[in-house]
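S.K.: fold the following.
(one chain, ligands or ions: 2)
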Amino acid sequence: MVSARTCPISSLSAPASASYCPGRRPYGPNIVLISAPERNNTTAGLDWAGNVGGEKFRVDIAWETFSGAVFKTAPHRVLNLVLDAVESAIKEISETFRAAAEAGSSDILKLYNTRKNLVNISPHLPENTPSTRYRLEVVAADYNKNGFLSSNIVGQQLDVNAIDQRLSALEKKVHIDNGEMPESFHELKSKVDNFKEKLENVAHLSWLGLSKDLSIGMSQPFWHKKSSPRKIETHHKRVYERFMKFTKVHVSEEVRLELRKQSFDNWQWDDPEMLILLRQMYIDLGLISKLNIDINVLHEWLYEVYRNYNIVPFHNFKHCFMVAQMMYGLTWLIDLPSKLDTLEIFTLLTSAICHDLDHPGYNNAYQINAKTELALRYNDISPLENHHCAVAFDILKKDKCNITLDFSRDEFKRFRDGMIRCILATDMAKHNEILNTFKSVIPHFDFTDKEHKSVLMMVLMKVSDISNEARPLSVAMPWLDCLLTEFFNQLMMVLIKVADISNEARPMAVAEPWLDCLLQEFFNQSDLEKLEGLPVAPFMDREKVSKSSSQIGFIKFVLLPLFETVGKLFPQLENAIIEPVRDALAYYTEMQRALEEEKARKDSLQETGDSAGQGEKNGLISEIVTSGPNSNMSAGHSDGGARDENSPQHQLPSTSPSSISSSPVMAPTDSLGKPRHLGSQGLMKAGSLRRSSTTQLSSTKQSHDVKASSPS
Ligand SMILES: Nc1nc2c(ncn2[C@@H]2O[C@@H]3COP(=O)(O)O[C@H]3[C@H]2O)c(=O)[nH]1
Ligand SMILES: [Zn+2]
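M.R.: Ligands and ions are numbered 1, 2, ... in the order given. As a prediction, this is how the structure comes out:
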């Protein structure tokens, strides 16, 4: 029996915590092909245009919105895929449609013309135009029939975990009964996994730790997943399959152009799609043809790179993609192909992709202090960067992944030297050294000078690595959240380590409870100052750092000096990269001012003994706004309040600081100064985050010291 798809997900309104940002692809599974004007009002989605068997056609695929929610179309998310003319077999076309619509093999695809007549999906599809688009409907096999999705889930609050659990139970049962899993089951499971990942991508933009409670059953952020190796392997396999499916289509002109912009929004794309976009970078830079790279080897190499990024908050595959994308954007912006040779361009892009391979989520300072294997292996000299680079060359050792196979000995040597230099340059301990060398060559910069070019490549690598703040806020802010999460994870690790060390002399029975106490203290967010003297970098101290203080220091003392120096050589960077960073600085400065004002107001309220009632409420608010990662983590992206979604120019908060403090309903403001509507659940949960200690905000200088000196 076949019925129109009524997956529970599509019949839901967006979960409270989901707070999707405008432009984000709403992941309802009902897929329709609709006309552009319609889509502009209500949905975001994929556009497909095709040329099959010599016949041109164009279709739009859009994800239906969650009921009640209206999303702006992110222009760059519209993906035009042009079908290969050669692959004209009916099956290929259906498969391509299926892949784009993320439909399962048991789903039925129905294509309608504008008169709502059914049209055969065949190589002879009549040509259409943007104004006469086809409409594709995905009709699902009825899973309910098997009792798999019971009706009580349908229409209720989204519970992906429940679905997941049911799937696991079913998996076990089928395993016992048949020993073998039907393909349709795998597809369903992969869809649930996919959907979970997408939700989690949104969830981590919400209040860290709150998202779980706000949407019943929502799983933890993706980096918290304690997946078994088998699960990870299965996940990787699915990514590989989707990636390979996508390799059969061409990325549209529109997307290819968007990919060159600094405003590109990675949060709109999942891993297989990002792999396709990385592939596209090599194609569009002419690297495949000029360096005679086998495209299939490139696929295998990209996938292997993907597999070698860890599931950590910041230094993951998505970060690798972003750094590569920035490098790619810069390449076009400053017209590198007219200044560097093909091998050098290849080296830059490849270094960007490989620069954080197998990053464990703990920085060099930790590696060295904890005397990890990496620190021992590399004698405390840039242990991480050395490792990333070594892993990169290890991957290239495998023939099926060796994209340098056709290089001459000399070419390979040049590539290897360049890649080592570029990746090692990303160690922030080398920041000043590299910047100063670059400054010294700028007055007489010569593109024919090997040394000059080499230092330029290192600087471009650094710029790409730390340029999130040059992106629109909606893109940059979640990255800051991820970075802070990683910092705090590391802090926890350091605390455990310290406890470990200081208790080493004691018997296990005595030492262990102390470790528990220490962790308890950490989780209770109690006074970390007690741990004075421990090798804990202040920038990781949730008591001392706020999003704004951290970014003010980073932008003022790291980003701007670097970007402005590069801007001297490439004036094109001024508008595209440097100006947005200046705006970001103004934005964070305003945020910091608002926080300090709020703190002063709160202090004076407490002094006058007015700590009950309204004061209590506002106190809570200010703590949420100013306290550690659990609050700072979240702000910004989720409700879409951005400096400006469509323009790279960041705007200052529109809500004045006074309105923040006077309106508990409006507050907590997100870090944008825009109100965050937490709702009652949010406020209740926020209450449990309260701490007794007074919140300290670090000075700009302090943040700077930390950043500038961090891993050295
Ligand atoms: N505070 C802050 N630090 C950043 C930002 N982007 C990158 N970094 C830091 O810069 C470092 C560059 O090298 P890593 O990738 O090892 O780790 C990165 C972070 O520690 C940012 O936006 N804000
Ligand atoms: Zn990096």
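S.K.: contacts, neighbours, all on C-alpha from now
M.R.: Noted.
S.K.: my read: residue 445 touches residue 452, true?
M.R.: Yes - counting by C-alpha atoms under 8 Å, residue 452 is a contact partner of residue 445 at 6.6 Å.
S.K.: and the residue in the chain that ligand 1 sits nearest to, what does it touch?
M.R.: Ranking the residues of the chain by distance to ligand 1 (C-alpha to the nearest ligand atom) places residue 466 first, at 4.3 Å. Each residue near residue 466 by C-alpha atoms under 8 Å, 6 or more residues apart in numbering is listed here: residue 559.
S.K.: please tell me how far it sits from residue 581.
M.R.: 11 Å (C-alpha to C-alpha, to the nearest Å).
S.K.: shared neighbours, these two?
M.R.: residue 559.
S.K.: what's the nearest residue to residue 378 if we skip its chain neighbours?
M.R.: residue 386 (7.2 Å; C-alpha to C-alpha, 6 or more residues apart in numbering).
S.K.: thought that neighbour was touching residue 424?
M.R.: Yes - assessed by C-alpha under 8 Å, residue 386 is found in contact with residue 424 at 6.6 Å.
S.K.: neighbour count for these two, which is higher?
M.R.: residue 424 (25 against 21; other C-alpha atoms under 10 Å).
S.K.: how close does the more buried one sit to residue 237?
M.R.: Residue 424 is 31 Å from residue 237, by C-alpha to C-alpha.
S.K.: how about the residue nearest to residue 378, what does it touch?
M.R.: Per C-alpha under 8 Å, 6+ apart, neighbours of residue 386: 378, 423, 424.
S.K.: hmm, try it at 10 Å
M.R.: Contacts for residue 386 (C-alpha atoms under 10 Å, 6 or more residues apart in numbering) come out as 355, 356, 374, 375, 377, 378, 392, 420, 423, 424, 427.
S.K.: secondary structure class of it, three-state.
M.R.: What DSSP: H, G, I helix; E, B strand; the rest coil gives for residue 386 is helix.
S.K.: what number of residues lie near residue 567?
M.R.: Residue 567 has 17 nearby residues by other C-alpha under 10 Å.
S.K.: surely it is in contact with residue 578?
M.R.: Yes - using C-alpha atoms under 10 Å, residue 567 makes contact with residue 578 at a distance of 7.7 Å.
S.K.: need the residues touching each of the two.
M.R.: Common neighbours of residue 567 and residue 578 (C-alpha under 10 Å, 6+ apart) are residue 560.
S.K.: now do the helix or strand containing residue 457, average pLDDT.
M.R.: Using DSSP states H and E, residue 457 maps to helix 450-465. Across helix 450-465, the average pLDDT comes to 96.
S.K.: what packs against it?
M.R.: helix 317-333, helix 342-354, helix 409-424, helix 431-441, helix 560-569 (3 or more C-alpha pairs under 10 Å, 6 or more residues apart in numbering; DSSP states H and E).
S.K.: now distance to residue 271 too, for these, in TSV please.
M.R.: Formatted as TSV, these follow (distance: least, C-alpha to C-alpha, whole Å):
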stretch	distance to residue 271
helix 317-333	8
helix 342-354	14
helix 409-424	23
helix 431-441	30
helix 560-569	29
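S.K.: would TSV of these with distance to residue 294 and mean pLDDT be doable?
M.R.: Shown next, in TSV, are these (distance: least, C-alpha to C-alpha, whole Å; pLDDT from 0 to 100):
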stretch	distance to residue 294	mean pLDDT
helix 317-333	20	95
helix 342-354	14	97
helix 409-424	16	97
helix 431-441	35	95
helix 560-569	34	93
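S.K.: so where's the stretch 151-300 of the chain shaky on pLDDT?
M.R.: For the stretch 151-300 of the chain, the stretches with pLDDT under 70 are 151-228.
S.K.: switch to 90 and redo it
M.R.: The model of the stretch 151-300 of the chain has pLDDT under 90 over residues 151-234, 248-251, 254, 262-263, 265-268.
S.K.: next: the stretch 501-650 of the chain.
M.R.: For the stretch 501-650 of the chain, the ranges with pLDDT under 90 are 501-554, 559, 576-577, 580, 584, 587-588, 591-592, 594-650.
S.K.: residues of it that sit close to ligand 1?
M.R.: Residues of the stretch 501-650 of the chain that fall close to ligand 1, judged by C-alpha under 6 Å from any ligand atom: 550, 551, 554.
S.K.: let's go with 5 Å and repeat that
M.R.: Residues of the stretch 501-650 of the chain found near ligand 1 (C-alpha under 5 Å from any ligand atom) are residue 550.
S.K.: the chain too?
M.R.: Going by C-alpha under 5 Å from any ligand atom, the residues of the chain near ligand 1 are 466, 550.
S.K.: now with 8 Å?
M.R.: Neighbours of ligand 1 within the chain, by C-alpha under 8 Å from any ligand atom: 315, 356, 363-364, 384, 426-428, 462, 465-469, 476, 479-480, 483, 550-551, 553-555, 703, 707, 710.
S.K.: among those, which ones are buried?
M.R.: Neighbour counting over the residues of the chain next to ligand 1 (16 or more other C-alpha atoms under 10 Å) leaves 315, 356, 363-364, 384, 426-428, 462, 465-469, 476, 479-480, 483, 550-551, 553-555, 703, 707, 710 as the buried ones.
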